[in-house]
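Visitor: What would the 3D arrangement of this be:
(2 chains)
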Amino acid sequence: MKRKKNLNRMTSQLPICNTLEISSVPTEIEKICNEIISRLGAAHFSKDDIFAVHLALEEGLINAVKHGNQMNPDKKVKVGYTINTDKIEISIEDEGRGFKPNDVPDPRLGENLYKYDGRGLLLIQSFMDEVEFNQRGNCLNMIRFKDQSGHLADKDSKVQRQKTENI
Amino acid sequence: MTPVQPNINVQYGEHITVITFKQQKILDQTEIQALRDSIFSVIEQAGPINMILNFSNVQFLSSSVLGLLIRINKRICEAGGRLALCGITPKIFEIFKITRLTNIFDIYENVEMATRDLTPT
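Guide: Next up is the predicted model:
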């Protein structure tokens, strides 16, 4: 009975919103990931959801720090998130000039398969349900819907669909 | 700045070297660089080497680790050896599938199965 009361209390505290800012130093990324993952756990997102969001966060933040802000510690990365009962929405904005996502080479094709980097965007698009960039290309917005079924099959289907769309 | 000690165990066998990652999460760029230096050092000392990278403790990694694995594979192949990966969780294996790196790497369930395949007959 106490557990059910606790669950109801946690769910009633949703949505949770926060905006954070970090310097463009890779070691700052962990703080943001830990906060968001912890809140996803408290909101009873599945382990699969948490893994997926964690991965997309890491990749998105590394891209913002390394490519967007060129590892300039004076430049900031702004992260906003909202956790609802059914989804998490995340935005990651850097101070860079932006880029065109469609210009990023597919890392699965030809010689790209042997390159040492260039896979972050593919992983973000594969593990998050909705991904879009602003027009300038310096702000990533992504959504992961909470796994309601508890089965991996739906996610595998989604990954297969996305792989087909990306080709 | 204090050098980062890489979190690996290295077991030298007669024909095969097994490197086990000790950390649950491999994310930090400095840590990845330390892993690279350490593993390359093992490769340089050995000449042609058959190596197994054991991920049985690893629950999470970033795409930077994939780049590291490609570098390691390239170096080992250039020296005439073979690389195998093992102990990869289903979630991490999904990363390899999505990126099609299952086409490059030989991935086994555990050290024993990898050893069986890498041991010269």
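Visitor: Residue A:90 should be in a helix, yeah?
Guide: No - read with DSSP: H, G, I helix; E, B strand; the rest coil, residue A:90 is strand and lies in no helix.
Visitor: Contact partners for it?
Guide: By C-beta atoms under 8 Å, 6 or more residues apart in numbering or on different chains, the contact set of residue A:90 is A:36, A:53, A:56, A:57, A:60, A:79, A:80, A:81, A:140, A:141, A:142, A:143. For the C-beta atoms, the positions are set from N, CA and C on the backbone; glycine is no exception.
Visitor: do that again at 10 Å, thanks
Guide: A:32, A:36, A:53, A:56-57, A:60-61, A:79-83, A:128, A:140-144 (C-beta atoms under 10 Å, 6 or more residues apart in numbering or on different chains).
Visitor: What about chain B: which of these touch it?
Guide: A:57, A:61 (C-beta under 10 Å from any C-beta of the partner chain).
Visitor: residues near whatever residue of chain B ends up closest to chain A, how many?
Guide: For chain B, the residue closest to chain A is residue B:67, as judged by C-beta to the nearest C-beta, at 3.6 Å. As a burial measure, residue B:67 scores 17 neighbours (other C-beta atoms under 10 Å in any protein chain shown).
Visitor: same question, the one 5 residues further on
Guide: Around residue B:72 there are 21 other residues, counting by other C-beta under 10 Å.
Visitor: Which pLDDT value belongs to it?
Guide: Residue B:72 carries a pLDDT value of 96.
Visitor: and what of residue A:154?
Guide: 41.
Visitor: just residue A:5 next, same as before
Guide: pLDDT, residue A:5: 49.
Visitor: Quick check: residues of chain B near chain A?
Guide: Residues of chain B lying near chain A (C-beta under 10 Å from any C-beta): B:25, B:27-30, B:59-64, B:66-71, B:73-74, B:89-92, B:94-95, B:97-101, B:103-104.
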